[in-house]
Structure formats: structure tokens, C-alpha cells
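Engineer: Turn this into a structure:
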Amino acid sequence: MQPEQLLRTMFDAAVARAMPDKCVPPYLPRRPEGRTIVVGAGKAAATMAKAVEDHWEGELTGLVVTRYGHHVPCRRIEVVEAAHPVPDLAGREAAERILKMVQGLSADDLVLCLISGGGSALLALPAPGLTLQDKQAINRALLRSGANITEMNCVRKHLSAIKGGRLAAACHPATVVTLTISDVPGDDPAVIASGPTVPDRTTFADARAILRKYGITEPLSVVAHLEAAAEETPKPGDARLARCETHLIAAPQQSLEAAAEVALRAGVTPLILGDSLEGESRDVALVHAGIARQVARRGQPASAPCVLLSGGETTVTVRGNGRGGRNVEFLLALAVALDGEAGVFALAGDTDGVDGTEDNAGAMVTPDTLARAAQAGVDGKARLADNDGYSFFNALGDLIKTGPTLTNVNDFRAILITGR
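Structural biologist: Modelled structure (predicted):
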């Protein structure tokens with residue numbers, strides 16, 4: 001199998017491991033004596049809802065919200081599409097409807113909550129006194145700041161009427177069973193989609209500190225709301241969340257292990273570096289390049305052929321005017337650092353099929369990437385300085401376009417060292 005084909009097969013295996021039709025059915029709860037209401041949000045919400053419908057015996061109703069282009073037809077559960085990563089009116093209205101749907105329930109009722117990555121932006125219901133425009137502005141500021149997903153979601157929880165356990169509190173006294181597909185480093189359910197059904201350990205003070213850290217001073221209404229700290233999110237031990245349970249049904253580590261199995265079958269040694277790597281994309285790329293060179297030149301920590309696998313969510317502090325998400329930023333920085341190292345190939349992609357806000361999942365790096373770029377008159381270092389990874393790889397025809405995969409376990413990175 002050619003290196004590029006092997007990398008793509010590993011990526012496809014990682015995505016397949018997290019598909020809802022495989023991971024939802026084993027975790028479905030028993031039917032309640034009362035009603036069953038299905039709610040949810042995220043890039044995988046529609047496919048999760050479809051999996052519930054296909055395997056649920058009995059009546060159910062509900063509403064889930066997913067990203068534009070991620071719709072899957074369902075018979076009994078309504079699917080609404082909304083914007084990501086900056087929320088829009090459709091997401092706000094869907095969140096409001098979900099919150100109303102779960103109020104007034106009894107102890108005999110069940111709320112089945114389907115949560116996956118992207119749900120924080122999709123389930124956008126501003127706290128009293130804030131507007132959707134406030135939420136949009138703070139989201140844009142956080143996205144450009146370089147804040148990690150845990151920091152972003154801490155702020156989001158404290159600007160929301162539904163996140164940080166508030167949805168679960170509204171369901172009381174019904175039983176709440178949450179099925180989650182993780183897209184966050186560490187798989188903390190309180191961070192995935194800002195934990196709408198999970199107790200929140202963060203505070204308004206934490207949210208204020210994050211804005212100070214990144215020098216975010218607007219909108220003034222957001223700053224004032226965080227300063228007022230009028231109503232904290234539900235904390236561990238809150239009686240309203242006593243009948244809530246959460247199950248992690250798919251996670252980055254499982255997808256990395258699926259990719260590792262593909263490598264082993266191909267006679268390639270897999271090294272899983274971690275499922276929750278964070279940091280600036282270009283800094284993470286430098287570390288990966290150093291390990292790849294050590295394998296290629298020293299046979300350490302493994303001999304070629306081997307593949308370095310990692311997951312997690314890097315960040316990009318936007319300083320240029322180019323196009324691209326964190327995966328092409330990582331790959332372009334990797335290509336520059338490797339500088340044509342013989343026998344080193346790489347793929348990085350978002351398992352949801354969308355790198356940032358572009359139409360690609362990621363891209364591919366080969367030993368001749370920089371040479372081909374030079375022949376085409378494309379300067380890799382200049383494009384990296386301009387945060388223009390998309391245009392760089394597009395010029396080479398090396399973008400990977402899958403379309404929406406309808407699941408999401410965050411970024412997947414594979415660096416294949418074939419040997420000289």
C-alpha cells in the first residue's frame with residue numbers, strides 16, 4: 001500500500017470507529033414508565049438521533065440541532081440546522097425550544113440527551129440581559145485569541161441560559177441520560193458542548209480571568225454580565241442533577257486505536273503519542289517533526305516503518321489574513337520544519353470533515369511538498385506567516401475533502417516514516 005493510501009485508510013478507520021450507528025445502540029437506556037424526550041446538539045446530533053430511532057422500541061419525540069450540511073432525515077425527532085462556530089438565530093431558537101420542551105416533566109419521564117462536539121455554538125441561548133449579537137462577538141474574539149476549548153467553553157457556560165448543567169436542571173425531576181461523543185482533550189463531559197447536562201466546577205471568576213488572559217474587553221455587556229455574576233451554574237451536588245447520568249460512547253483514543261490496527265495490518269509500527277495534545281498548531285508541529293526526524297535518522301523511539309498518531313485540539317492565534325483551520329496550519333508548519341525529510345509523509349484532518357470553516361477535512365504532506373510548492377511559485381513560509389494553509393495545499397491539490405462525516409472526535413494526525 002502506498003504511503004498516501006495508508007494514511008488515508010487510517011483516517012477513514014478513525015472516523016468509522018466514532019460513527020453513531022455503531023456507538024449509540026449499546027448505551028440506550030431502558031424505556032421509562034412515562035414519556036421519552038430526545039434532545040441534543042452537535043455535529044453528530046442528527047446521526048445520533050437517527051441511531052436512537054432505529055433502535056428504540058416505543059414512543060419518543062424530540063429535537064436536536066446540528067451544523068448546516070449535517071442533516072440526516074429522522075421520522076420522530078426533529079432535526080434543526082444552525083451555524084458553527086459562530087452561533088446564529090436558528091441555533092438560538094432551537095435552544096429555546098429545547099429548554100421549553102423539557103420543562104414540566106415528571107419523575108416517570110426520561111430525557112435522552114445526545115451531545116457531540118460543536119454543540120456549544122449550536123445550542124446558543126444567551127443568559128438574561130445578553131443578546132445573540134453579544135454571543136457572536138465573544139465567540140469571534142475567543143476563536144481569534146488562541147484560547148483552548150476548555151477556556152472557551154468556560155466563558156460560554158457563564159453567558160448561557162442552557163449550558164453548564166442548566167439544561168439538566170430544567171429537566172428535574174425527570175431522569176436524564178446523556179450520551180456523549182468527545183471532541184475535547186481529556187474527554188471531560190463538562191467541557192463537551194459546554195456540558196448542558198453536567199455539573200459545572202468553573203465559576204464566573206474563572207470566566208473573567210480568561211478574558212483578562214487574552215485581553216478581551218468587548219462586548220461591554222458580556223464583561224458586565226460576568227462581573228455581576230448574578231446566577232452561578234449548577235455545581236456538583238446540586239439536587240436538581242441527582243437523577244442525571246452521562247456515558248462517553250466515542251472518544252479520540254478509540255479512533256487512534258482503530259488507526260493503529262490498520263497500521264499493524266500493513267506491517268507498520270504505530271506509536272500513539274497522545275489523544276489530547278493541545279497548544280499552538282505550529283508549535284505542536286515542531287515537536288512532531290522532531291520526533292519524526294529521530295525515527296528517520298536514529299531509529300528511535302521505534303524503527304521505520306512506523307507511524308506517529310495523535311489526537312486532541314490545537315489552536316491558532318490568527319495574525320494573518322489567510323484561509324485555513326488548525327489542521328492545515330499544523331501541516332504547513334510540519335512541512336516547513338521537516339524541510340523535505342526523506343521518507344516522511346503526514347496527514348492531519350478534523351474527523352468531522354471540516355477544518356475550521358473551510359470545505360476540507362485536512363490535507364496531506366509528502367517529502368516533496370515544499371519542492372512542488374516552489375515549482376508552483378508558492379512560498380510555504382510566507383503562507384504560514386499569513387495563516388494561509390488552505391491556499392497552500394489547495395495550490396498543490398493536496399487538500400482532503402470528505403464532506404461532513406456526521407461524527408466528531410476532534411483532530412486526527414498521522415506521520416508515517418517509511419525509512420530511507
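Engineer: pull the longest strand from the chain.
Structural biologist: Scanning the chain for the longest strand, with DSSP state E as the assignment, gives strand 269-277.
Engineer: Enumerate the positions of that one that are buried.
Structural biologist: Neighbour counts using 16 or more other Cβ atoms under 10 Å place 269, 270, 271, 273, 275, 276, 277 of strand 269-277 among the buried residues. Every residue, glycine included, has its C-beta placed from N, CA and C.
Engineer: which pair in these spans the largest distance?
Structural biologist: Within the buried residues of strand 269-277, 269 and 276 form the most distant pair, 21.9 Å apart (Cβ to Cβ).
Engineer: Who does the longest strand of the chain pair with, and is each partner parallel or antiparallel?
Structural biologist: Under the criterion DSSP bridges, strand 269-277 sits next to strand 306-312 (parallel) in its sheet.
Engineer: What's the first helix or strand after the partner strand?
Structural biologist: Counting by DSSP states H and E, the element after strand 306-312 in chain order, helix or strand, is helix 326-338.
Engineer: where does that next one sit relative to the chain's centre, distance-wise?
Structural biologist: Distance, stretch centre to chain centre, for helix 326-338: 20 Å (Cα atoms, centre = their mean, to the nearest Å).
Engineer: pLDDT value on the spatially closest residue to residue 68 that is not a sequence neighbour, please?
Structural biologist: The spatially closest residue to residue 68, leaving aside those adjacent along the chain, is residue 81, at 4.7 Å (Cβ to Cβ, 6 or more residues apart in numbering). Confidence at residue 81, expressed as pLDDT, is 97.
Engineer: for residue 81, which residues make a bridge with it?
Structural biologist: Under the criterion used (DSSP bridges), residue 81 bridges to residue 66.
Engineer: And for it, the neighbour number?
Structural biologist: Residue 81 has 19 neighbours, counted by other Cβ atoms under 10 Å.
Engineer: ok, now which ones touch it?
Structural biologist: 65, 66, 67, 68, 69, 70, 71, 90 (Cβ atoms under 8 Å, 6 or more residues apart in numbering).
Engineer: Need the residues you listed in TSV (columns: neighbour count and pLDDT).
Structural biologist: Formatted as TSV, the contacts of residue 81 follow (neighbours: other Cβ atoms under 10 Å; pLDDT from 0 to 100):
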residue	neighbour count	pLDDT
65	30	98
66	32	97
67	28	95
68	13	95
69	14	93
70	29	95
71	16	94
90	16	95
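Engineer: Tell me the one of the residues you listed nearest residue 111?
Structural biologist: Among the contacts of residue 81, and counting by Cβ to Cβ, the member closest to residue 111 is residue 65, at 15.3 Å.
Engineer: does the closest one really touch residue 124, like I thought?
Structural biologist: No. Residue 65 is beyond contact range of residue 124, at 9.2 Å (criterion: Cβ atoms under 8 Å).
Engineer: what do the two both touch?
Structural biologist: Here residue 65 and residue 124 have 82, 91, 95 as joint contacts, going by Cβ under 8 Å, 6+ apart.
Engineer: doesn't the second one fall inside a strand?
Structural biologist: No. Counting by DSSP: H, G, I helix; E, B strand; the rest coil, residue 91 is not part of a strand but helix.
Engineer: check contacts around it.
Structural biologist: Counting by Cβ under 8 Å, 6+ apart, residue 91 has contacts 65, 82, 83, 121, 122, 123, 124.
Engineer: Same question for the last one.
Structural biologist: Applying Cβ under 8 Å, 6+ apart to residue 95 gives the contacts 41, 65, 123, 124, 125, 161, 162.
Engineer: what's the last one in contact with, if anything?
Structural biologist: Residues in contact with residue 162 (Cβ under 8 Å, 6+ apart) are 95, 98, 99, 123, 125, 170, 196.
Engineer: ok, which pair from those residues is furthest apart?
Structural biologist: Across the contacts of residue 162, the longest distance by Cβ to Cβ is 12.6 Å; it joins 123 and 170.
Engineer: Which parts of the chain belong to which domain?
Structural biologist: Listed domain ranges for the chain are 3-12+253-417, 20-250 (source: automatic domain parsing).
Engineer: Just the CA atoms of whichever strand or helix holds residue 395, as CSV, please.
Structural biologist: Following DSSP H and E, one finds residue 395 within helix 389-396. Extracted C-alpha coordinates of helix 389-396, given in CSV (Å, rounded to 0.1, in the frame of the first residue of the first chain):
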residue,chain,number,x,y,z
GLY,A,389,-2.6,26.8,5.0
TYR,A,390,-5.7,26.2,2.9
SER,A,391,-4.4,28.2,-0.1
PHE,A,392,-1.0,26.5,0.1
PHE,A,393,-2.4,22.9,0.0
ASN,A,394,-5.1,23.9,-2.4
ALA,A,395,-2.5,25.1,-4.9
LEU,A,396,-0.8,21.6,-4.7
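Engineer: What's the first helix or strand after it?
Structural biologist: Helices and strands here follow DSSP H and E; after helix 389-396, the next one along the chain is strand 399-400.
Engineer: who does that following strand touch, helix- and strand-wise?
Structural biologist: strand 362-365 (3 or more Cβ pairs under 8 Å, 6 or more residues apart in numbering; DSSP states H and E).
Engineer: Parallel or antiparallel, which strands does the strand it packs on pair with?
Structural biologist: Strand 362-365 pairs in its sheet with strand 344-350 (antiparallel), strand 399-400 (antiparallel), by DSSP bridges.
Engineer: Now do the following helix or strand past the shortest one: which elements does it pack against?
Structural biologist: Going down the chain from strand 399-400, the next helix or strand is strand 411-417, by DSSP H and E. Other elements packing on strand 411-417 under the criterion 3+ Cβ pairs under 8 Å, 6+ apart are helix 3-17, helix 252-265, helix 281-298, strand 306-312, helix 326-338, strand 344-350.
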